[in-house]
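Visitor: fold the following, please.
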Amino acid sequence: MTINNIAIKNIKGNLNKYAMYYLSNVIVVTIFFIFANFIYNPGVSSGNISDKTISEVASKLMYLCEFVIIIFTFIFSNYSITTFLKSREKEFGLLSMFGLTKTQIRRYVMFENITISIVSIITGLFFGTLFSKLFFMAISVILDLNTEIPFSISSKAVKITILSFLILLNLISFITSFKIKNNNIAELLKGERIPKTTPKFSKIKSILGIVLIISGYIVGIFSGTAIIATMIPILIVVIIGTKLLFSQFSVFFTNKLQNNKGVYYKGINLITLSQIIYKLKDNAKVLFITSILSGITLASAISVYSLQKVTLSSLEENCPQDIGIIEQGINSHKVIANGKVEDILKKYKFDIKYKNKIELIKGKNNDKVIESKKSTYGIKINKTDFNIMSENSFNELAKQYNKKSLDLKNREVVIYTYDLTSGIANEKIEIPFKNQKTLNLNIDGKVNSFNILDNLKGGVINADSQNTNTIIVSDSDFKKLWNNVSDDNKLIYYGYNIKHNLKATNAVTEIKNSVTKGQEAFFTERVISAAGLMQFLSVLLFIGTFIAMIFFIATGSILYFKMFNEIQKDKQDFIGLKKIGVTQEEIKRIVSIQSFTMFFLPLTVATLHAAFAVKSVGLLYTKYFIFIAGIYLVLQIIYYLFAKWMYVKQINSWNI
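Guide: Numbers count the residues shown, from 1 in each chain. Next comes the predicted model:
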């Protein structure tokens with residue numbers, strides 16, 4: 001029997017150990033090929049299917065992702081194979097005893113790895129081809145393309161994928177083959193049965209780890225706009241703290257539980273805690289790496305998802321209409337010709353969802369005004385200028401935008417002030433008239449006094465260049481004011497909402513170009529800026545999801561490897577436990593607790609890290625955080641149940 005035959009037979013006999021490594025490689029190759037196939041798709045590279053800028057941005061992001069995938073695969077595969085080799089010392093000892101030289105064992109290991117690599121690449125290309133069409137359809141929807149990206153398999157993408165992973169995985173195989181220890185046969189045969197010393201810890205280092213993490217959190221939260229300068233020091237401090245948390249504090253905490261007789265001697269805790277303290281010490285490095293990777297994945301996913309949702313929400317709040325035009329005078333059409341908007345939208349075959357014609361009256365604050373501080377983007381809240389709107393006009397808009405309708409008495413007003421923080425969670429939103437009971441407005445030279453019922457953030461109509469506040473008055477008050485002001489102080493606001501608005505960029509661009517020269521300040525739109533921004537954020541989120549998936553699978557696989565690489569050592573422990581009367585069900589419970597600790601301890605730490613990281617950059621929104629963290633938790637539970645099931649299945653096969 002040749003070395004190659006032995007290697008193939010060994011792979012077949014250890015499928016449960018190789019399964020996650022193989023699947024992880026398949027997923028990485030699949031995603032790499034899908035991205036490469038998109039980059040080299042004729043429709044994308046020519047820029048015919050989308051705005052060329054967006055196509056270029058998407059392609060560049062995917063180039064970056066390809067690089068990340070290659071680097072990450074190198075680190076992950078190198079670690080996985082090294083860990084796997086360490087657990088096979090007994091096997092290598094037997095091979096040495098049967099006469100195989102160190103060089104032959106290296107060839108044996110390299111052949112194993114190359115075989116799995118080739119099968120992974122072939123499988124990955126198959127699934128990549130299968131899912132490329134689905135990926136192109138998804139990207140077409142995300143980019144809001146009028147035409148779908150044509151499906152094609154790029155020969156260049158196939159060649160790059162095969163070449164990249166053949167070189168990468170063979171290089172890893174070559175490097176890791178030299179990590180086989182040169183111990184004597186007796187030591188190799190003992191393998192991991194060499195007795196381990198009692199785990200030691202430093203109380204000072206344990207406390208220091210917690211102090212460093214908490215310090216990093218506190219500095220991050222209170223850094224505000226200085227977070228850019230403090231980010232790297234915070235990251236270093238938290239990483240060091242996390243390392244100490246797993247290498248020192250986890251052992252220190254478990255030791256304290258062992259010293260608590262009420263806990264230690266309850267049920268199977270005596271056995272469970274005794275084993276967990278060794279597991280935590282042995283796997284401190286793995287748990288540390290997993291928690292950091294998971295934290296980065298969670299923080300990135302939550303940040304991008306929150307940014308996308310908050311940006312859209314902020315845009316809709318301050319600019320509720322797709323197009324807004326303010327004309328001075330009742331029958332004036334100085335900004336744009338009458339009917340021009342409708343004609344252009346009809347030309348591009350876009351239907352109008354809502355069209356509003358609203359009468360407004362100009363007013364100025366007659367009270368003493370205290371200047372506001374500038375927002376993050378250097379914009380001040382306008383406390384001086386007001387557009388007065390009737391209750392009836394507001395209620396019509398309220399129906400369209402699901403706002404609460406108003407029922408005002410004479411001299412009662414509600415003020416709407418634009419939110420200039422752009423949804424940044426850390427920035428305090430100033431509501432300028434919240435604690436003010438009355439407001440005196442100068443309307444056409446006459447002072448009118450009103451009672452403030454409420455001051456709300458957001459816009460009823462699009463924000464103009466001065467961020468003029470909107471004030472809602474009762475219909476009877478509005479009628480009196482309208483009849484007593486000059487035409488110079490009367491405004492007509494035309495608001496348009498378009499069906500499938502993000503696809504209407506060309507139509508809105510033509511409308512914008514039709515605005516009379518010098519009147520641009522009275523025209524507002526949200527379509528052009530929103531379409532580009534949302535496309536970019538959607539592509540970022542979509543690609544980020546794939547990268548997050550790779551990180552997630554890798555972290556889960558690392559834990560899976562550690563569990564199964566220690567299974568032979570655990571077998572001896574379980575045989576010993578069986579001899580002293582521990583039942584099969586109790587052994588399964590011990591396995592469940594140990595597996596749960598391995599999978600969910602780093603996830604808990606990662607979630608805390610992600611929460612404070614996202615909070616530090618001002619993007620912590622509870623509902624978005626819960627949504628993303630919830631998805632991650634569900635996937636982790638599935639992974640945990642699968643790993644536990646495989647582990648228990650292995651225990652049952654021993655018939656102990």
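
Visitor: least trustworthy helix or strand in this protein by mean pLDDT?
Guide: helix 185-190 (a mean of 54; mean pLDDT, DSSP states H and E).

Visitor: what's the domain layout of this structure?
Guide: Recorded structural domains for the chain (assignment: automatic domain parsing) are 1-194, 321-525.

Visitor: distance between the ends of the last one?
Guide: What that stands for is domain 321-525. Counting by CA to CA, to the nearest Å, you get 7 Å between the two ends of domain 321-525.

Visitor: state the mean pLDDT of that domain.
Guide: Mean per-residue pLDDT for domain 321-525: 87.

Visitor: how far does that domain sit from its chain's centre?
Guide: For domain 321-525, the distance from its own C-alpha centre to the chain's C-alpha centre is 35 Å (CA atoms, centre = their mean, to the nearest Å).

Visitor: over to the shortest one?
Guide: Put simply, domain 1-194 sits 25 Å off its chain's centre (CA atoms, centre = their mean).

Visitor: kindly report the same for stretch 228-240.
Guide: 20 Å.

Visitor: also stretch 596-609?
Guide: The gap between where stretch 596-609 is centred and where its chain is centred comes out at 17 Å by CA atoms, centre = their mean.

Visitor: so for that stretch, mean pLDDT?
Guide: In this model, stretch 596-609 has a mean pLDDT of 91.

Visitor: could you do stretch 9-26 as well?
Guide: Computed over stretch 9-26, the mean pLDDT rounds to 72.

Visitor: picking up where we left off before, mean neighbour count and distance to Ser306 added to the domains of the chain, as a markdown table?
Guide: (Each C-beta comes from the backbone N, C-alpha and C, glycine too.) A markdown table is the format used below for those (neighbours: other CB atoms under 10 Å; distance: least, CB to CB, whole Å):
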| stretch | mean neighbour count | distance to Ser306 |
| --- | --- | --- |
| domain 1-194 | 17 | 18 |
| domain 321-525 | 17 | 8 |
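
Visitor: and of these, who's closest to Val310?
Guide: Each of the domains of the chain was checked against Val310 via CB to CB, and the shortest separation belongs to domain 321-525, namely 3.6 Å.

Visitor: what segments of the stretch 51-200 of the chain are helices?
Guide: Applying DSSP state H, counting those that start in this stretch to the stretch 51-200 of the chain gives helices spanning 52-86, 89-97, 102-142, 155-177, 185-190.

Visitor: least reliable of these by average pLDDT, please.
Guide: If you rank the helices of the stretch 51-200 of the chain by mean pLDDT, helix 185-190 sits at the bottom with a mean of 54.

Visitor: and Tyr639, what element?
Guide: The secondary structure element spanning Tyr639 is helix 622-654 (assigned by DSSP states H and E).

Visitor: right, I mislabeled it, should have said Asn455
Guide: Once you assign secondary structure using DSSP H and E, Asn455 falls within strand 446-457.

Visitor: residues contacting that strand, please?
Guide: Residues external to strand 446-457 that are found in contact with it (CB atoms under 8 Å, 6 or more residues apart in numbering): 317, 363, 366, 408, 411-419, 429, 431-434, 436-441, 471, 473, 481, 484.

Visitor: any idea how far the residue nearest to Val29 when sequence neighbours are not counted is from Glu342?
Guide: In space, Val29 comes closest to Gly124 once its chain neighbours are excluded; the distance is 2.6 Å by CB to CB, 6 or more residues apart in numbering. Counting by CB to CB, to the nearest Å, the gap from Gly124 to Glu342 is 52 Å.

Visitor: can you redo the helices of the stretch 51-200 of the chain as a markdown table with distance to Gln572?
Guide: Listed next are the helices of the stretch 51-200 of the chain as a markdown table, based on distance: least, CB to CB, whole Å:
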| stretch | distance to Gln572 |
| --- | --- |
| helix 52-86 | 17 |
| helix 89-97 | 12 |
| helix 102-142 | 25 |
| helix 155-177 | 27 |
| helix 185-190 | 12 |
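
Visitor: element containing Tyr416?
Guide: Per DSSP H and E: Tyr416 is located in strand 412-417.

Visitor: by contact count, what packs against that strand?
Guide: Taking 3 or more CB pairs under 8 Å, 6 or more residues apart in numbering; DSSP states H and E as contact, the helices and strands that strand 412-417 lies on are strand 446-457, strand 469-473.

Visitor: and the helix or strand Ile240 falls within, what does it pack against?
Guide: Under the criterion DSSP H and E, the helix or strand holding Ile240 is helix 227-244. Under the contact definition 3+ CB pairs under 8 Å, 6+ apart, helix 227-244 sits against helix 203-222, helix 284-318, helix 584-616.
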